[in-house]
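*Asks:* Need the 3D shape of this:
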Amino acid sequence: MKTNNYFRIFIQRIIILAIIGLTVWLYGCKKESNSSNFVYPNFIDPNLFGTWRSNGNDVLAFKDNNVFLDSLYGCGVLTYVFRGHYIVKDGFIQLDDINVTYFIYSSDTSLATYNYFSPTLKIYQLSKDQLILTPTMIMSKKSANKDTLSGSWSTNLLVAAFDAWQNPHFVNGNDLREYSFFQDSVLVNHILHYGNVYDKYQGSLPYIYVTADSIRMGYSPFDSYKIAFSNNLLYLMSKNEIYQKVK
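*Replies:* I've put the predicted structure just below:
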């Protein structure tokens, strides 16, 4: 009888340990499943994945591992390819980690060229066959009254450059831009940050309101922007870019 009691206690302990082990295993599986949500901060429409061609000569490819490729063709010849990472957040595609490969320049040329990218692209429309993107500069203000255009705003653009003054010649980085909007002109403070040589530029550009929520900036041909304010930020949205899915 005593032996049977020991046996029953042994069996009970085995069952308790089995239940504890099963609970820990299930919790671990749940935790591991939840951790996978951190791969993509927001849901990415699977229609975005694939290769897209614009009406011009631009080809965009979005991979399901957060890698994107941006290729530009001139007269049917591949001129450069930009590669980097992207995330989709609140209806915007955010680009980062830009690297560029040029196919039209050699290291002994004295030419220099710069390509600027807005790191944020608004998804205006997306279907299985068509993608419409709106390049958007999201700017922060240094002063009060953040829901009005007047005052000083700043933003970072992505820059990729072939520059014979740099070593190596093919470099990329950030371009800090500051805009001070006054009544009749816009003052541009422009600081290049890439490679090991920095450049500073300050100049004046005109701007004019077209409607209450849009402006034209610069000299003819003007750059046109739609204006929107949200969460103390200024959104300057350029012309929509239309892409078709490559079959």
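
*Asks:* pull the helix or strand with minimum mean pLDDT from this protein.
*Replies:* Between all helices and strands in the chain, the lowest mean by mean pLDDT, DSSP states H and E belongs to helix 2-35, at a mean of 39.

*Asks:* After that helix, which helix or strand is next?
*Replies:* Where DSSP states H and E defines the elements, the next helix or strand beyond helix 2-35 is strand 50-54.

*Asks:* pretty sure P119 is in contact with V159, am I right?
*Replies:* No. Applying Cβ atoms under 8 Å as the test, P119 and V159 come out as separate, 10.6 Å apart. Backbone N, C-alpha and C define where each C-beta goes, glycine included.

*Asks:* In the record's domain split, what are the boundaries for the protein?
*Replies:* Recorded structural domains for the chain (assignment: automatic domain parsing) are 2-38, 46-245.

*Asks:* lowest-confidence stretch among those?
*Replies:* Mean pLDDT per stretch puts domain 2-38 lowest among those, at a mean of 39.

*Asks:* before we move on, back to that, pick the most deeply packed of the domains of the chain.
*Replies:* domain 46-245 (a mean of 15; mean count of other Cβ atoms under 10 Å).

*Asks:* Tell me how far that one lies from the chain's centre.
*Replies:* Centroid displacement of domain 46-245 relative to its chain, using Cα atoms, centre = their mean, to the nearest Å, is 9 Å.

*Asks:* Show the end-to-end separation of it, please.
*Replies:* 13 Å (Cα to Cα, to the nearest Å).

*Asks:* Ok, stretch 50-68 next?
*Replies:* Note: stretch 50-68 ends 10 Å apart using Cα to Cα.

*Asks:* looking at the sheet around Y80, what are its partners?
*Replies:* L72, Y102 (DSSP bridges).

*Asks:* got a list of what it touches?
*Replies:* Taking Cβ atoms under 8 Å, 6 or more residues apart in numbering, we find Y80 in contact with 71-72, 100-104, 115, 160.

*Asks:* The same query, at a cut-off of 7 Å, please.
*Replies:* 72, 100-103 (Cβ atoms under 7 Å, 6 or more residues apart in numbering).

*Asks:* Check Q94 too.
*Replies:* By Cβ under 7 Å, 6+ apart, the contact list for Q94 reads 86-87, 119-120.

*Asks:* Would you mind giving those as JSON lines with distance to L133 added?
*Replies:* Compiled in JSON lines, the contacts of Q94 are given as follows (distance: Cβ to Cβ, whole Å):
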{"residue": "Y86", "distance to L133": "12"}
{"residue": "I87", "distance to L133": "15"}
{"residue": "P119", "distance to L133": "13"}
{"residue": "T120", "distance to L133": "10"}
